[in-house]
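> Provided below for reference: sequence and predicted model.
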Amino acid sequence: MATASAKSLLVPRVETSTLSSTRADSAAAAATSLQFLKSTPSLPLKLSHSRSCFRSRSPSLVITNVLKTQDSLSTSLSQGRDLETGSRLGMKPTILVSEKLGEAGLEVLRGFANVDCSYDLSPEELCQKISLCDALIVRSGTKVTREVFEAAKGRLKVVGRAGVGIDNVDLQAATEFGCLVVNAPTANTVAAAEHGIALLAAMTRNVAQADASMKAGKWQRSKYVGVSLVGKTLAVMGFGKVGSEVARRAKGLGMHVVSHDPYAPADRARAIGVDLVSFDEAISTADFISLHMPLTPATSKLFNDETFSKVKKGVRIINVARGGVIDEDALVRALDNGVVAQAALDVFCEEPPPKDSKLVQHENVTVTPHLGASTKEAQEGVAIEIAEAVVGALRGELSATAVNAPMVPQEVLSELAPYVMLAEKLGRLAVQLVAGGSGIQSVKVVYRSARDPDDLDTRLLRAMITKGIIEPISSTFINLVNADFTAKQKGLRISEERVFVDGSPGSPVDSIQIHISNVQSKFASALLDNGEICVEGRVKYGVPHLTCVGAFNVDVSLDGNLILCRQVDQPGMIGKVGSILGEQNVNVSFMSVGRTMPKKQAIMAIGVDEEPDKETLKMIGLVPSIEEFVFLNL
Ligand SMILES: NC(=O)C1=CN([C@@H]2O[C@H](COP(=O)(O)OP(=O)(O)OC[C@H]3O[C@@H](n4cnc5c(N)ncnc54)[C@H](O)[C@@H]3O)[C@@H](O)[C@H]2O)C=CC1
Ligand SMILES: O=C(O)C(=O)COP(=O)(O)O
């Protein structure tokens, strides 16, 4: 249900009014809208068991422009086709699917976009195509490098990883380019765990080798005597989704399971009878080591010569995580000298590995070509999970599986929605009070709240304040993905402070204040005694309001444009300014006067639907008793 209007969080500014209309031309401020979508429509599909994981994904926040200026139009166009305008004009976004995706997911995508399934693209071909695409869906075989984001020329808004590992996506580059990365983290967990167990069993009983031998016409029973699993110790390295499912299954096989995971809660492990131990203890006591951690700079080549020097002689290793977690040359050495008796590998540093790979050819190594996620059920689940996430993101929703943007739970999103609008508008307003806005270096945000700090998630508010502050003074397209990065790039420090107020903890925030220090103001009345610009806002009846400018209390809804005037408090001022605006056909939507004391200084806040021309503003400035005024686009 649409409740109001707002700027896009995740997609670039979009034009939804008629571009040629004078309103679009003259609307210096874009009104904004916040919408909550109902749950994504149910899909006429057969669902796998894993479906429940993503069906529970909650509806998300959609933030979309309804108006825009010529300036913002060109910004938008320079970033590629405007999605909402496109859809109004009957143009669909384009989604490039660069690796095989389940048909069920493709159906979801086709309902919303033009879908280009182009598999096996070379890096050059991918770079050529990408500037025509709004989203890209990959699996593990496509390298989404910085070059890809550069080649996209700002059009690519979402990269969907149809699976878990996102080590093939340059997340830093994605973030810098404001491109959201989403993954499908749950639908292939069981498949990967089952493959881990399959490799464990196949390796210990030499299934692959014996099969090849028989197909070569041999009958070698004594050569392929295996080892038993029962009673042996398995070290699960990485006790996440896959690791814990492997552990559960290994327990069922009668194995003793230990695990190493620096971030896993011990009680979760204990609940399935697994002891969390140190890295060294895990590798030195285990008969089998199964790898389930992500590939990150910290885990790259974690299994190297030094690690193999600490393992129990004759250990067996299973890797369904990522090839890069193992130094493959070191593993070959360990296999050759018998330190590692056998290895079963689904993943490799380079995929596919070179044909002459010593590891692949090694007689004590069982290999599969990255099949961990490749079951019919998992692929159907992953495809739907990623299709829903990508479509949602293209609609501007915050995804529950965003990898490079704050993931805010739905309950938090729902209650923060009006405050999100307030945050952006206050940021936008505060920066326009600065004389020469680009010199801002230090911003303090004060949240007054009756909530315990632990119960107030301000990441979204902070991102929207940053967006509000930066967008009016920069040509950079800002969204939730790159707000923090861009602020840092611009040397803007944003600190947050929470002040406890008595009141109802039912509402997350009582007020938000923005303080900008060490700057001059265009509107001296916005300055506090300490020289900081200060504006404060609250949400009233679900609508963002400006409640304080400098030391003056005001009470105006933050909608449309705003004129702030300081005058000597006296009768007739509202009428004088109102009639100037009326004569020039500028519609006044609201007015509020805040004063220090009767007949002293007062601030008049006037909301206007249209932007007054320079002459009109000049006439306001000439009204006797008006000491200063400023026009602000919200
Ligand atoms: N072969 C295949 O087809 C598949 C491979 N995978 C791989 O498996 C990995 C794990 O997947 P999930 O369990 O779904 O991810 P997850 O995020 O649920 O679990 C990863 C766990 O590794 C832990 N971890 C991080 N650094 C560690 C370290 N230095 N030492 C020990 N543990 C560490 C984390 O705390 C986390 O608990 C993925 O990152 C992916 O690379 C996942 C699915 C299919
Ligand atoms: O989900 C993962 O991390 C996987 O490794 C699965 O990769 P795939 O989608 O099968 O290329």
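Sure thing, it's come through. Numbers count the residues shown, from 1 in each chain. Ligands and ions are numbered 1, 2, ... in the order given.
> now do the residue of the stretch 401-550 of the chain found nearest ligand 1 against residue 116, distance only.
When scored by C-beta to the nearest ligand atom, the stretch 401-550 of the chain has residue 403 as its residue closest to ligand 1, at 10.9 Å. C-beta here means a position set from N, CA and C on the backbone, and glycine is covered the same way. Going from residue 403 to residue 116 by C-beta to C-beta, to the nearest Å gives 23 Å.
> and stretch 308-324, does that touch ligand 1?
Yes. Under the criterion of C-beta under 6 Å from any ligand atom, ligand 1 is reached by stretch 308-324 at 320, 321, 322.
> which parts of that stretch are buried?
308, 311-312, 315-324 (16 or more other C-beta atoms under 10 Å).
> now go through the residues you listed and say which are in strands.
Under the assignment DSSP state E, these contribute 315, 316, 317, 318, 319 to strands.
> in TSV: these, plus pLDDT.
Converted to TSV, those look like this (pLDDT from 0 to 100):
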residue	pLDDT
315	98
316	98
317	98
318	98
319	98
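> re the thing from before, export the buried residues of stretch 308-324 to JSON lines and tack on distance to residue 202?
Output for those, formatted as JSON lines (distance: C-beta to C-beta, whole Å):
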{"residue": "308", "distance to residue 202": "22"}
{"residue": "311", "distance to residue 202": "21"}
{"residue": "312", "distance to residue 202": "21"}
{"residue": "315", "distance to residue 202": "17"}
{"residue": "316", "distance to residue 202": "11"}
{"residue": "317", "distance to residue 202": "14"}
{"residue": "318", "distance to residue 202": "10"}
{"residue": "319", "distance to residue 202": "14"}
{"residue": "320", "distance to residue 202": "12"}
{"residue": "321", "distance to residue 202": "18"}
{"residue": "322", "distance to residue 202": "20"}
{"residue": "323", "distance to residue 202": "18"}
{"residue": "324", "distance to residue 202": "23"}
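> please list the residues of the protein that sit near ligand 1.
163-165, 185, 188-189, 192, 237-243, 260-264, 292-295, 298-299, 320-322, 346-347, 370, 372-373.
> in the stretch 501-634 of the chain, what residue lies closest to ligand 2?
In the stretch 501-634 of the chain, no residue comes nearer to ligand 2 than residue 508, which is 35.3 Å away by C-beta to the nearest ligand atom.
> who's in contact with that residue?
Residue 508 sits next to 415, 416, 419, 449, 451, 455, 456 when contact means C-beta atoms under 8 Å, 6 or more residues apart in numbering.
> which strands and helices sit next to the helix or strand containing the second one?
It stands for residue 416. Here residue 416, judged by DSSP states H and E, is contained in helix 410-432. Packed against helix 410-432 by the contact rule (3 or more C-beta pairs under 8 Å, 6 or more residues apart in numbering; DSSP states H and E) you find strand 32-36, strand 61-65, helix 459-470, strand 511-517, strand 533-540, strand 543-549, strand 626-633.
> and among these, the most buried is which?
Most buried of the helices and strands packed on helix 410-432, by mean neighbour count (mean count of other C-beta atoms under 10 Å): helix 459-470, with a mean of 25.
> contacting residues around stretch 563-571?
Under C-beta under 8 Å, 6+ apart, the answer for stretch 563-571 is 523-526, 549, 573, 577, 593, 595, 597-606, 608, 612, 617, 620, 623, 625-632.
> so what's the gap between that stretch and the chain middle?
Mean C-alpha position of stretch 563-571 versus that of the full chain (C-alpha atoms, centre = their mean, to the nearest Å) differs by 44 Å.
> now that stretch: buried residues?
Buried-residue list, stretch 563-571, by 16+ other C-beta under 10 Å: 563, 564, 565, 566, 567, 569.
> closest one to residue 335 out of those residues, please.
residue 564 (74.7 Å; C-beta to C-beta).
> give the pairing partners of the host helix or strand of that closest one; include direction for each.
Element membership of residue 564, judged by DSSP H and E, is strand 561-568. Strand 561-568 has the following strand partners under DSSP bridges: strand 601-608 (antiparallel), strand 626-633 (antiparallel).
> got the angle between that strand and strand 543-549?
30 degrees (axes from the mean of the first three to the mean of the last three C-alpha atoms, to 10 degrees).
> for burial, what's the neighbour tally of residue 356?
For residue 356, the count of nearby residues is 7 (other C-beta atoms under 10 Å).
> which among the helices and strands packed on helix 410-432 is found nearest to residue 252?
With C-beta to C-beta as the criterion, residue 252 lies closest to helix 459-470 of these, at 40.3 Å.
> residue in the stretch 101-250 of the chain with the shortest distance to ligand 1?
For the stretch 101-250 of the chain, C-beta to the nearest ligand atom, closest residue to ligand 1: residue 240, 1.7 Å.
> that residue and residue 186, how far apart?
Residue 240 is 11 Å from residue 186, where distance means C-beta to C-beta.
> can I get the strand holding residue 564 in PDB, CA atoms only?
The C-alpha trace of strand 561-568 is given here as PDB (Å, rounded to 0.1, in the frame of the first residue of the first chain):
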ATOM      1  CA  ASN A 561       9.200  23.100  -0.700                       C
ATOM      2  CA  LEU A 562       9.800  25.300   2.300                       C
ATOM      3  CA  ILE A 563      10.500  29.000   2.800                       C
ATOM      4  CA  LEU A 564      11.900  30.000   6.100                       C
ATOM      5  CA  CYS A 565      11.800  33.700   7.100                       C
ATOM      6  CA  ARG A 566      13.000  35.400  10.200                       C
ATOM      7  CA  GLN A 567      11.100  38.500  11.100                       C
ATOM      8  CA  VAL A 568      10.300  40.700  14.000                       C
END
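> which element follows that strand toward the C-terminus?
Beyond strand 561-568 in the direction of the C-terminus, DSSP H and E gives the next helix or strand as helix 573-583.
> packing partners of that next one?
Checking 3+ C-beta pairs under 8 Å, 6+ apart, helix 573-583 ends up next to strand 561-568, strand 588-595, strand 601-608, helix 614-622.
> OK, contacts around whichever residue of the chain sits closest to ligand 2?
Among the residues of the chain, residue 163 lies nearest to ligand 2; the distance is 2.5 Å by C-beta to the nearest ligand atom. Residue 163 is in contact with 139, 140, 183, 184, 188, 373, 382, 386, counting by C-beta under 8 Å, 6+ apart.
> filter the residues you listed by proximity to ligand 2?
Among these, ligand 2 is touched by 139, 140, 188, 373 when using C-beta under 6 Å from any ligand atom.
> what about the residue lying closest to residue 253 once chain neighbours are set aside, helix or strand, and which?
Spatially, and ignoring its direct neighbours in sequence, residue 253 is nearest to residue 229 (5.1 Å; C-beta to C-beta, 6 or more residues apart in numbering). Assessed by DSSP H and E, residue 229 sits outside every helix and strand.
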